[in-house]
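Undergrad: Okay, sequence plus prediction incoming.
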Amino acid sequence: MGNPKDSITASQIHGLNAAKGVPRKINGNVVNNSGRKHVMMAIPCMKASITTPIATLMCDSVLEGLKPGGEWVYSFRIVSDYFPTEYARNVLCRHFLESDAQYMWFIDSDTMPDANSFKLFDVDADIVAGVYPIGRQERGNRVLAVDWGMYQKSEEHENGWLALPLEAYQKGEVIDVDAVATGCMVIKRHVIEHFAKTAEKDEDGTPAIFFWPKVCTGKSICSDDFDFCKRAKAAGFQIKVHTSVRWGHLKFKDLRDVYEQLKSAWMAGYEESAEEGGYTALKEGMGLEDGSQVILPPHGPQ
């Protein structure tokens, strides 16, 4: 379970933009009078809380904006109690389009930014992202794989995407990809404007830029981030990853699920027997069907 100190309520950070020197707000939208490049940090916040590293990043961004002669200025917008997540992203897109910001920086509320975060703005691309670990759910709640949120299209894979291994690249490399996760994604304004032109809008003017496409059966074809990247690439926009920006990803998990997962692996390492206890240990370290390794408990499954 995560440390309670690793989260902070959204209400606790709303006063940060009142720091001296940060561009003034009109109706909640930043108006940049300095002529500098304006980044809006856009945080969809499902549980009205963010991690402490995000709050630290926000404070650092305020300080960056206060530097004499600085090239960049940062503002932030948090939306909470919007569901599903893609609708929260669309609300943030509306706020972004109502501002004069040139860049929108999506930051998921459960991510853990690092000291290299601002290196994203060293990359000249329509869309640029950092990486963070993403658990892939298979076989119920069992997490059988973790990837780093950067992908290439691949006809050889059932879902059409190949997760790129972070270990294959030197830290600091900037690579071209076909899709990235939205939890640490910087998007230039002209990309959002491009999709907003034809997007359906609700009564508040919120454009449906992010959505989960579904077939007639209701089954998802792909997630909103994959779909957005697919449409962005089709429109000719570049998508890149800066491998120096490596964030954490905070998750809370019921230990009962962890126990059941471990128990399943333990059981796979034993076979039924007439001996006392009813089980005989198989070779430790044997491979399971999913490719993981068995670590046997000392006394067999309980």
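TA: Structure received.
Undergrad: In this structure I187 contacts L97, no?
TA: No - between I187 and L97 there is no contact under C-beta atoms under 8 Å: 11.7 Å. For every residue, glycine as well, the C-beta is placed using N, CA and C.
Undergrad: which of those two has more neighbours?
TA: For the pair I187 and L97, the greater number of neighbours falls to I187 (26 against 18), based on other C-beta atoms under 10 Å.
Undergrad: Which residues are in contact with the more buried one?
TA: Going by C-beta atoms under 8 Å, 6 or more residues apart in numbering, I187 touches Y103, M104, W105, F106, D126, I127.
Undergrad: List phi and psi for it.
TA: Main-chain dihedrals, I187, degrees, to the nearest 10: phi -120, psi 130.
Undergrad: Please name the bridge partners of it.
TA: Taking DSSP bridges as the rule, I187 bridges to M104, I127.
Undergrad: just curious, which of the contacts of I187 is nearest to G149?
TA: F106 (12.0 Å; C-beta to C-beta).
Undergrad: tell me the secondary structure for that closest one?
TA: Under DSSP: H, G, I helix; E, B strand; the rest coil, F106 falls in the strand class.
Undergrad: Please identify which of the contacts of I187 is nearest to V79.
TA: Proximity of the contacts of I187 to V79 (C-beta to C-beta) peaks at F106, which lies at 11.5 Å.
Undergrad: what sits against the closest residue to the closest one other than its chain neighbours?
TA: Among residues not flanking F106 along the chain, M185 sits closest, at 4.5 Å (C-beta to C-beta, 6 or more residues apart in numbering). Contact partners of M185, counting by C-beta under 8 Å, 6+ apart, are W105, F106, I127, V128, A129, D225.
Undergrad: Report the buried members of those.
TA: The neighbour-count criterion (16 or more other C-beta atoms under 10 Å) marks W105, F106, I127, V128, A129, D225 among those as buried.
Undergrad: Pull up the gap between the second one and V128, please.
TA: For F106, the distance to V128 (C-beta to C-beta, to the nearest Å) stands at 11 Å.
Undergrad: related to what we said a few turns ago, help me confirm that the residue nearest to F106 is found in a strand?
TA: Yes - membership of M185 in a strand is supported by three-state DSSP.
Undergrad: Make 57 the starting number, not 1.
TA: Taking 57 as the first residue, the last one we looked at is M241.
Undergrad: roughly how far apart are it and P189?
TA: Distance, M241 to P189, by C-beta to C-beta: 16 Å.
Undergrad: show me where the stretch 157-306 of the chain has helices.
TA: 245-252, 280-290 (DSSP state H, counting those that start in this stretch).
Undergrad: on that earlier part again, got TSV for the buried ones among the contacts of M241, with pLDDT and distance to M114 too?
TA: Converted to TSV, the buried ones among the contacts of M241 look like this (pLDDT from 0 to 100; distance: C-beta to C-beta, whole Å):
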residue	pLDDT	distance to M114
W161	97	11
F162	96	14
I183	98	22
V184	98	19
A185	97	19
D281	89	23
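Undergrad: What is the nearest of the residues you listed to L119?
TA: Nearest to L119, judged by C-beta to C-beta, of the buried ones among the contacts of M241 is W161 at 16.3 Å.
Undergrad: OK, contacts around that closest one?
TA: Residues near W161 by C-beta under 8 Å, 6+ apart: V95, M96, M97, A98, L176, M241, V242, I243.
Undergrad: Tabulate the residues you listed in JSON lines, adding columns for pLDDT and distance to A235.
TA: Putting the contacts of W161 into JSON lines (pLDDT from 0 to 100; distance: C-beta to C-beta, whole Å) gives the following:
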{"residue": "V95", "pLDDT": "94", "distance to A235": "22"}
{"residue": "M96", "pLDDT": "94", "distance to A235": "23"}
{"residue": "M97", "pLDDT": "94", "distance to A235": "22"}
{"residue": "A98", "pLDDT": "94", "distance to A235": "19"}
{"residue": "L176", "pLDDT": "96", "distance to A235": "17"}
{"residue": "M241", "pLDDT": "97", "distance to A235": "11"}
{"residue": "V242", "pLDDT": "98", "distance to A235": "15"}
{"residue": "I243", "pLDDT": "98", "distance to A235": "13"}
